[in-house]
Structure formats: C-alpha cells, structure tokens
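Engineer: Dropping a prediction and its sequence here:
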Amino acid sequence: MIVQTMREFGSHRSCIRDLFDYGLRKAREIGAENVYDYSLGNPSVPAPAAVKDAILATLESHSSVAIHGYTPASGAPDARLAVAEDLCRRYDAKIRPENLFFTCGAAPALVSALHALAVEQSEFLLLAPFFPEYAVFVTAAGGKPVIVPADTETFSLDIAAIERHLTAHTQAVIVNSPNNPSGVIYSAAELEALAALLCRKSAEYAHPIYIIADEPYRELTYDGVEVPFLPHIYADTIICYSYSKSLSLPGERIGYVCVPDTATDSEELYFAIAGAARACGHVCAPSLMQRVIALCAEVRPDIATYDQNRQTLYHALTEYGFRCIKPHGAFYMLVEAPDGDAAAMSERAKKLNLLIVPGADFGVPSFCRLSTCVSPDMILRSLPAFRALMETYRK
Ligand code: PLP
C-alpha cells in the first residue's frame, strides 16, 4: 500500500515543468535561439562575487571535517549571529540568534512552520495569486488550504475577502511579498489593515492567527519600493527566508525560519518548528553554505538585469495591447489573456515558440506568468512573437 496523496504529488507534474521540458525538446528541433522560454524562476544573474570569495575563504580556513560535518540542528552559531545582526541593523529589529533556525531554503522553512501549526482541522489561507507549492505543503502537513481569490484589478490585499475566509480553524495566513507570480509588493498600509483584521479575529477566536511571511524575494525590489518588515506591523509573524533568489543560490538549498520574540508563545513555537524540521528530516542545512552566509549576511544582489528585463517586457507588451500587472519586485510578470482564457493563451503562445505559464495553479486562471529572469537578448528576440500572439486575438 502506498499513500495516494503522495503518489499524486509525485506523479502530477506541474505545468511549469511540463513547459520547461517541452522547451528543451523544441530547442533540439529548431535551435535554442528560436525558443523563448519564460517558464522557470531560476535566477539568471550569477551569484555575487562575494559568495565565491566566501566559499574559497571557508575552504582555506576550515578543516575539511569542520566544513563538511554536521552543524547544530538549528544552524552554525556564527551564521545565526551574522543574520541576526544584519536583521537588527537593517530593520532596527530585536532579533537574536536564538530566533533563527537554518533550513534548506524557503520550502523546508514553510513546511516546518506549517507542520508546527497544523493542529486538527487547521486551515491556512492562501492569498491568490500564490506559489502553487503552498497547497502541497499545507495538505501534506494535514491542514486545509483555503484560497482567497485575487483582486485582479489591483492585485493588492483584499481585506474584505480575507475576512470572509477566516474561521475559528484558521491557524495562519501565508503572505508572500514581493509576490510570485505578480511581482506586487504589499504596502505598509495594506499590511497594517491585515494586521488589524487578524488582531481582531485572533481575539474573537481566542487563539493567535499567525502570518507566515514567505520572503525569498525580499531583496529583489525596483523603483525604490520597500518591503515592510512584517514583525514591526504584526507581532505574530513567522518569517521564512531563502538565499535561493537573493544570492542566486537555489541549488545550494539555504535559508532560515525566524520566530521573533514578539510572536505569541515564541519559544514554544520555535521548539515546535525545530521539532517539525526534525520530524520531516530537514535539520542541519548545508554546512558550507551556512559558513558562506556567515560571511555574506550583508551582501545584496545586483538586480540591474532583472530591472531592465521587467521594463523592456512591460513596455513592449503593453504597447502591443496586453494588460500587464507592473511588477515592483521579484522577477515575474502577469499578463492577462485578452479573452480571459490563460490556458488557451499559453497554447497559442506555444505555437509561436513562446513558453508562458497559465495562471490556474497560481489562483489566477485569466493570467499567464512570465519569469523575467532570462537573458535580455532572449527578450528582444521574443518580442515579434508576442506581437504575433496579440495579432491572433485580432483576427
Ligand atoms: N516561496 C516562493 C514564493 C517561491 O517562489 C519559491 C521558489 O520559487 C519558494 C518559496 C521556494 O524557495 P526555495 O528554493 O528557497 O525552497
């Protein structure tokens, strides 16, 4: 006997992966330069030079046994200290090394936080548009994913809709800003409104409703827009962070969970997250990478290429007549299907060798997602195909 839900997760391929594999096959057929692949969110800028320097310095200065050995389950003390100090400096926060638990990226950070909170009948709010893996993580933790539809006019937080979906079983709301797939950054005012609602509902239901802040894109912001530090706005915030995107290290699997002292039962919660990580086999994040982070906690990415890509695509596509949601963060952009059917739009685009992801799995079925972490050159080569795509709607 096998667990059918797990079999489903393992055999049901994501449409992003399907498109990516299709692109590889097509590239062999017609040449890679003729396929315009906007499917995957794999960083396209190299890791900052400081990362390579830190890897080399660590290899030089530590014994092989120390570099490749287990660290404490929660993380190497110097890495936890460096990150805590950086958060304190940047946000004038009071984060101690003991608030941090190193993980193999944001995914295990989220999984641990969800397992820690998934008491019987738990519900977790996913605010559309959302990263599709949330539904997998929540379900596997034994919780119920509850989807709050997007406000597809503004893509800002729809506080009234969130209120309608909160119940006595709601344990947490996952907030992802900068957002994958919209690139939207929620303002301090929106987050304050959410905080006020959650404070009121936590009191009504007599238990805390946490915010799980999923922040792998925190450093990827444009036009001077800032990402508010959520624990300053809502005390019951758990931060899940990753260096996958900010330092272009997705294959190295490094990130952390931060449970600030302000969170209700913060110590108990921290232990529950540590216990969940242990139970899921996620302890002891890669040792070399933790040491690299200890040296690179203050390093920020060079996002000039992502910014240029975002602007080129936004201006070209709006000029061709597409409605695009202007991203202020991350490296994605949503484009609305002119007839409201994004699955069909993705198929039409495929015929032009343009690979764009239909938004149904993100909770926005009338939009396609473009990953803008691609080469600027590919964008320029792909523009005639986007123009041709719009022409197919005018015939
Ligand atoms: N959360 C969001 C919103 C993401 O887009 C991703 C990856 O694309 C993750 C979490 C998982 O990140 P990681 O590679 O650090 O596990």
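Structural biologist: Cool, the structure landed.
Engineer: wait, Val146 sits on Leu127?
Structural biologist: No. Contact between Val146 and Leu127 fails when scored by Cβ atoms under 8 Å: they sit 10.0 Å apart. The way it works is simple: take the backbone N, C-alpha and C, and place the C-beta from them, glycine included.
Engineer: which one of these two has more residues nearby?
Structural biologist: Leu127 (26 against 17; other Cβ atoms under 10 Å).
Engineer: Do I have it right that Arg291 meets Gly69?
Structural biologist: No. Judged on Cβ under 8 Å, Arg291 makes no contact with Gly69 at a distance of 11.2 Å.
Engineer: So those two - more neighbours on which side?
Structural biologist: Arg291 (24 against 11).
Engineer: From Met289, how far off is the nearest residue in space to that one that is not next to it in sequence?
Structural biologist: Nearest residue to Arg291 in three dimensions, chain neighbours excluded: Thr58, at 4.5 Å (Cβ to Cβ, 6 or more residues apart in numbering). Separation of Thr58 from Met289 (Cβ to Cβ, to the nearest Å): 9 Å.
Engineer: Can you tell me the centre-most residue of this protein?
Structural biologist: Central residue of the chain (Cα atoms, centre = their mean): Pro216, 5.0 Å from the mean position.
Engineer: for that residue, helix, strand, or coil?
Structural biologist: Three-state call for Pro216 (DSSP: H, G, I helix; E, B strand; the rest coil): coil.
Engineer: show me the contacts for Val119.
Structural biologist: By Cβ atoms under 8 Å, 6 or more residues apart in numbering, the contact set of Val119 is Gln171.
Engineer: any idea whether Gly142 is helix, strand or coil?
Structural biologist: Look at Gly142: counting by three-state DSSP, its state is coil.
Engineer: isn't it right up against Gln121?
Structural biologist: No. With contact defined as Cβ under 8 Å, Gly142 does not count as touching Gln121 (9.4 Å).
Engineer: pretty sure Tyr22 contacts Leu355?
Structural biologist: Yes. Judged on Cβ under 8 Å, Tyr22 makes contact with Leu355 at a distance of 6.9 Å.
Engineer: Of these two, which one has the most company?
Structural biologist: Higher neighbour count among Tyr22 and Leu355: Leu355, with 25 against 16, using other Cβ under 10 Å.
Engineer: how much space between that one and the ligand?
Structural biologist: Counting by Cβ to the nearest ligand atom, to the nearest Å, the separation of Leu355 from the ligand is 17 Å.
Engineer: burial of Tyr81, as a residue count?
Structural biologist: Quick fix: residue 81 reads Leu, not Tyr. Leu81 has 16 neighbours, counted by other Cβ under 10 Å.
Engineer: Which residues are in contact with it?
Structural biologist: Residues near Leu81 by Cβ under 8 Å, 6+ apart: 97, 294.
Engineer: ok, now Asp361?
Structural biologist: 14-15, 132.
Engineer: quick one: pLDDT of it?
Structural biologist: On the pLDDT scale, Asp361 is placed at 95.
Engineer: And Ser14, by the same measure?
Structural biologist: So Ser14 comes in at 83 (pLDDT).
Engineer: Look up how far the ligand lies from it.
Structural biologist: 11 Å.
Engineer: Pretty sure that residue sits against Ala135.
Structural biologist: No. Contact criterion Cβ under 8 Å: Ser14 and Ala135 do not qualify, at 11.2 Å.
Engineer: Same drill for the two, tell me which one is more crowded.
Structural biologist: Neighbours per residue, other Cβ under 10 Å: of Ser14 and Ala135, the larger number sits with Ala135, 17 against 14.
Engineer: The more buried one and Phe124 touch, don't they?
Structural biologist: No. The pair Ala135 / Phe124 is not scored as a contact, 9.4 Å apart, by Cβ under 8 Å.
Engineer: which of Thr58 and Met289 has more neighbours?
Structural biologist: A direct count of neighbours by other Cβ under 10 Å for Thr58 and Met289 places Met289 higher, at 26 against 19.
Engineer: Need the contacts of Asp361 in a markdown table (columns: secondary structure).
Structural biologist: Putting the contacts of Asp361 into a markdown table (three-state DSSP) gives the following:
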| residue | secondary structure |
| --- | --- |
| Ser14 | coil |
| Cys15 | helix |
| Pro132 | coil |
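Engineer: name the element the residue nearest to Arg291 belongs to?
Structural biologist: Using DSSP states H and E, Thr58 sits in helix 49-61.
Engineer: Just the buried residues of that helix, please?
Structural biologist: Buried residues in helix 49-61, counted by 16 or more other Cβ atoms under 10 Å: 50-51, 54-55, 58.
Engineer: quick one: which of those residues is nearest the ligand?
Structural biologist: Closest approach to the ligand among the buried residues of helix 49-61 (Cβ to the nearest ligand atom): Val51, at 15.4 Å.
Engineer: per-residue confidence at the closest one?
Structural biologist: Looking at Val51, the pLDDT reads 98.
Engineer: Next one: it from Leu40, what distance?
Structural biologist: 21 Å.
Engineer: try Asn353
Structural biologist: Asn353 is 16 Å from Leu40, by Cβ to Cβ.
Engineer: need the strands for the stretch 1-150 of the chain, in chain order.
Structural biologist: Counting by DSSP state E, counting those that start in this stretch, the stretch 1-150 of the chain has strands at residues 36-37, 100-103, 123-127, 144-148.
Engineer: nope, the stretch 201-350 of the chain is what I meant
Structural biologist: Taking DSSP E, counting those that start in this stretch as the criterion, the stretch 201-350 of the chain carries its strands at 210-214, 237-242, 255-258, 324-325, 332-336.
Engineer: can you list the residues of the stretch 101-250 of the chain near the ligand?
Structural biologist: When proximity is defined by Cβ under 6 Å from any ligand atom, the stretch 101-250 of the chain lies next to the ligand at 105-107, 131, 176, 180, 214, 216, 242, 244, 250.
Engineer: nearest to Ile254, of the strands of the stretch 1-150 of the chain?
Structural biologist: Among the strands of the stretch 1-150 of the chain, the nearest to Ile254 by Cβ to Cβ is strand 100-103 (7.3 Å).
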